[in-house]
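Colleague: Attaching a predicted model along with its sequence, questions to come.
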Amino acid sequence: MSESEHNIAANFIHDIIDADLKSGKRTDVVTRFPPEPNGYLHIGHAKAICLDFGTALKYGGRCHLRFDDTNPEAEDEEYVNAIKEDVKWLGFDWGEHLYWASDYFETMYEYAVRLIEKGKAYVCELTQEEFKDYRGIPTEPGKKPPGRNRPVAENMALFEKMKNGGFEDGACVLRAKIDMASPNLHMRDPAIYRIKRATHHNTGDKWCIYPMYDFAHCIEDSIEGITHSMCTLEFEVHRPLYDWILRTLEVYQPQQIEFARLNLTYTVMSKRKLLELVRENLVNSWDDPRMPTLCGLRRRGFTSEAIREFCSIIGATKVESLSEVELLESCVRDDLNANSLRAMAVFDPIKVVIENYPEGLEEQLEVPNHPQKEEEGMRTVPFSRELWIERTDYMDDAPNKFKGFTLGREVRLRSAYLATCTDVIKDGDGNATELRCTYDPDTKGGSAPDGRKVKSTIHWVSAKHAVETEVRLYDRLFTVENPLADKGRDFKEFLNPESLQLITAKLEPGLAKATPGTRYQFERVGYFCVDPDSTEEKPVYNRTLTLRAPRKIS
RNA sequence: UGCCCGAUAGUGUAAUGGAAGCACGUGUGACUUUGACUCACACGGUCCAGGUUCGAACCCUGGUCGGGCAACCA
């Protein structure tokens, strides 16, 4: 893959970078993707990843992968590998630049000491509840906490005691001493270090105090020489604090730039809510193909190319928006249409008996793997006297527009023969149970030597050779565009009860060999891929998407 | 009723003081050995009111509407 394929459309962030480069404020571009290892990545993260890595690529800079592991209670090693895998799968490479916030704990501690020395931080013994009262409300200034004017030496001693485990968890915190009257609540003496006796996945039990996000993140960026630190809109009000900390510390200052997070119709994007779905078994796992997680989308059959394309198209702005999932699906179909091989599968079968086809005869027919790409070659598909076709490809007294069998009409069996329906066998309720046909032996391949046209082409599978497999038909997870729109109702009330339907389908025999991840277009049906649950005896296919526009039988 | 941010077709974005474009979507038609793909056409927009200017989506003022912020989460 060329680098240009990873580039993203220009956006306001690039305008800022262009200006910075032009003015000489920056001479290079260094970005970072800083996930907290406390959950799986979803397509919202893909937007951030594409922005972070794509921007670095565009400007010939670099992008760091940095795990923001400052809260051992929430984080787990389990997520680290999954995150790395997802970033790689998306097509990005951090090279040497893998970092951990915990790598900097020593420096952060020293920086905190520096703040204390400057009289810009103090140990505060107020409980969380008490400080809430001191902080006050947005419309009124807060009150100064009692310990605020403690002498530097005392703060130093207390902070050291915090570090050395001399206090119970939660007994006190270190606060930045900024402005208890600030109209920005984040500037009202925010906590920057808390006591937490938790075993950290990297540093073990070395520390019992851990830095808060606001203190840690800007320092991480500063240490790594990040030039442009992109994050989502909710951190906008944190920016003055980001700048204050680095300015007060008198260290290198990256620029934080905020953009709007991705929202997608018919799904939810918050880690917490996705976790809820997993915990309550409303989906099967984090990688359930209905989930917007990258592992879920991957298992569903979405390609990383399509996701990157989508991220490029949606761009980056500061406008909170809700993107239509149709756009994502369009990107996926574009990719899959161009790149997946074709096959035939019948989902709701009805038997067709070709009465003038010799019993016992079998032919191996040549069928193109990709009609638009000759270089994909041909495969052989067995044909015999009895076939399966879709039940919906037969209709009594069908109108002219109908593309399928009706009594007396000749249709094309895809890449096989022209055949005419001569009789229909029905059950007591009048439902067709079997079609009797005759075929024209001179039409092998599907075209008539006399040039006569048939307007219908349908897919089929030889009954004798068909492979029966489980197919999982996935649909949208929710029935409404925005499950969170109604604040009075739980988003889970809008779960789509038909988001997963299991069926057994008849597949052409070549599909029995199933390597997980392999993608096909089942002609006239949709895009499918082999699920990891597949075994040699029992392949399982997932429906990625239907073809564009549901079939209209009229 | 504090502070911060935002507002361009249904949706997502472009236009950075000089012709409001593109994509998705929707509709119609053509083509078709996939009702797909492809192609053509159509639908449809600058939140409001003032101001600056020869000229405003863009700059200014005032509104309106939407979002964010009061974890020892990130």
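Modeller: Alright, I've got the coordinates. Here the structure is a predicted model, which is why all the values come from computation and not from measurement.

Colleague: Now whatever residue of the stretch 251-400 of chain A ends up closest to RNA strand B: which helix or strand?
Modeller: The stretch 251-400 of chain A approaches RNA strand B most closely through A:S321 (3.0 Å), counting by CB to the nearest atom of the strand. C-beta here means a position set from N, CA and C on the backbone, and glycine is covered the same way. Under DSSP states H and E, no helix or strand contains A:S321.

Colleague: Phi first, then psi, for it.
Modeller: phi -140, psi 170 (degrees, to the nearest 10).

Colleague: for it, what are its contacts?
Modeller: A:260, A:263 (CB atoms under 8 Å, 6 or more residues apart in numbering).

Colleague: same check, this time on A:T227
Modeller: A:T227 neighbours (CB under 8 Å, 6+ apart): A:17, A:20, A:26, A:28-31, A:61, A:254-255.

Colleague: Could you do A:L264 as well?
Modeller: Contacts of A:L264 by CB under 8 Å, 6+ apart are A:43-44, A:292, A:322-325, A:328.

Colleague: filter the contacts of A:T227 to the buried ones?
Modeller: A:17, A:20, A:26, A:29-31, A:61, A:254-255 (16 or more other CB atoms under 10 Å).

Colleague: Spatially, which two of those are the most separated?
Modeller: A:G61 and A:Q255 (13.8 Å; CB to CB).

Colleague: Helices along the stretch 251-400 of chain A, start to end?
Modeller: A:271-279, A:294-300, A:304-314, A:325-339 (DSSP state H, counting those that start in this stretch).

Colleague: Kindly apply the preceding question to chain A instead.
Modeller: Secondary structure of chain A (DSSP state H): helices at A:12-23, A:43-58, A:77-89, A:105-117, A:128-135, A:152-163, A:213-223, A:239-249, A:271-279, A:294-300, A:304-314, A:325-339.

Colleague: okay if I get these as a markdown table plus mean pLDDT and distance to A:S285?
Modeller: What follows is those, written out as a markdown table (pLDDT from 0 to 100; distance: least, CB to CB, whole Å):
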| stretch | mean pLDDT | distance to A:S285 |
| --- | --- | --- |
| helix A:12-23 | 95 | 35 |
| helix A:43-58 | 97 | 17 |
| helix A:77-89 | 96 | 12 |
| helix A:105-117 | 98 | 33 |
| helix A:128-135 | 96 | 35 |
| helix A:152-163 | 98 | 40 |
| helix A:213-223 | 98 | 29 |
| helix A:239-249 | 98 | 36 |
| helix A:271-279 | 95 | 6 |
| helix A:294-300 | 98 | 8 |
| helix A:304-314 | 97 | 20 |
| helix A:325-339 | 98 | 21 |
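
Colleague: Could I get those helices in JSON lines, plus columns for distance to A:D179?
Modeller: Shown next, in JSON lines, are the helices of chain A (distance: least, CB to CB, whole Å):
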{"stretch": "helix A:12-23", "distance to A:D179": "28"}
{"stretch": "helix A:43-58", "distance to A:D179": "31"}
{"stretch": "helix A:77-89", "distance to A:D179": "37"}
{"stretch": "helix A:105-117", "distance to A:D179": "15"}
{"stretch": "helix A:128-135", "distance to A:D179": "11"}
{"stretch": "helix A:152-163", "distance to A:D179": "18"}
{"stretch": "helix A:213-223", "distance to A:D179": "15"}
{"stretch": "helix A:239-249", "distance to A:D179": "9"}
{"stretch": "helix A:271-279", "distance to A:D179": "32"}
{"stretch": "helix A:294-300", "distance to A:D179": "41"}
{"stretch": "helix A:304-314", "distance to A:D179": "38"}
{"stretch": "helix A:325-339", "distance to A:D179": "44"}
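
Colleague: So which of those helices is nearest A:Y474?
Modeller: Of all those, helix A:294-300 comes closest under CB to CB, at 6.3 Å.

Colleague: Settle this for me: A:H14 is touching A:L57, isn't it.
Modeller: No. Assessed by CB atoms under 8 Å, A:H14 is found out of contact with A:L57, at 11.9 Å.

Colleague: For the two, work out which one has more neighbours and name it.
Modeller: The neighbour comparison of A:H14 against A:L57 (other CB atoms under 10 Å) goes to A:L57, with 22 against 19.

Colleague: how close does that one sit to RNA strand B?
Modeller: To RNA strand B, A:L57 is 18 Å away according to CB to the nearest atom of the strand, to the nearest Å.

Colleague: Then A:D221?
Modeller: 12 Å.

Colleague: Do I have it right that that residue meets A:M230?
Modeller: No. Taking contacts as CB under 8 Å, A:D221 lies outside contact range of A:M230: 10.5 Å.

Colleague: Need the overlap of contacts for those two.
Modeller: By CB under 8 Å, 6+ apart, the residues touching both A:D221 and A:M230 are A:Q256.

Colleague: With neighbour numbers in mind, choose between these two.
Modeller: Between A:D221 and A:M230, counting by other CB under 10 Å, A:D221 is the more crowded of the two (27 against 21).

Colleague: nearest spatial neighbour of A:F310, skipping sequence neighbours?
Modeller: A:C331 (4.4 Å; CB to CB, 6 or more residues apart in numbering).

Colleague: So that neighbour sits against A:S312, correct?
Modeller: No. Using CB under 8 Å, A:C331 makes no contact with A:S312, being 9.1 Å away.

Colleague: Tell me the one of the contacts of A:T227 nearest RNA strand B?
Modeller: Nearest to RNA strand B among those, with distances taken as CB to the nearest atom of the strand, is A:I17, at 11.4 Å.

Colleague: quick one, what contacts the closest one?
Modeller: Contacts of A:I17 by CB under 8 Å, 6+ apart are A:26, A:29, A:55, A:59, A:227-228.

Colleague: can those go into a markdown table with extra columns for distance to RNA strand B?
Modeller: Putting the contacts of A:I17 into a markdown table (distance: CB to the nearest atom of the strand, whole Å) gives the following:
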| residue | distance to RNA strand B |
| --- | --- |
| A:R26 | 18 |
| A:V29 | 17 |
| A:T55 | 13 |
| A:Y59 | 16 |
| A:T227 | 19 |
| A:H228 | 16 |
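
Colleague: Show me what from the stretch 101-250 of chain A comes close to RNA strand B.
Modeller: A:126-128, A:131-132, A:135, A:137-139, A:169-173, A:183-186, A:190-191, A:194-196, A:210, A:212-214, A:216-217, A:233-238 (CB under 7 Å from any atom of the strand).

Colleague: Could you rerun that using 6 Å?
Modeller: Residues of the stretch 101-250 of chain A found near RNA strand B (CB under 6 Å from any atom of the strand) are A:127-128, A:131-132, A:135, A:137-139, A:170, A:173, A:183-186, A:191, A:194-195, A:212-213, A:234, A:236-237.
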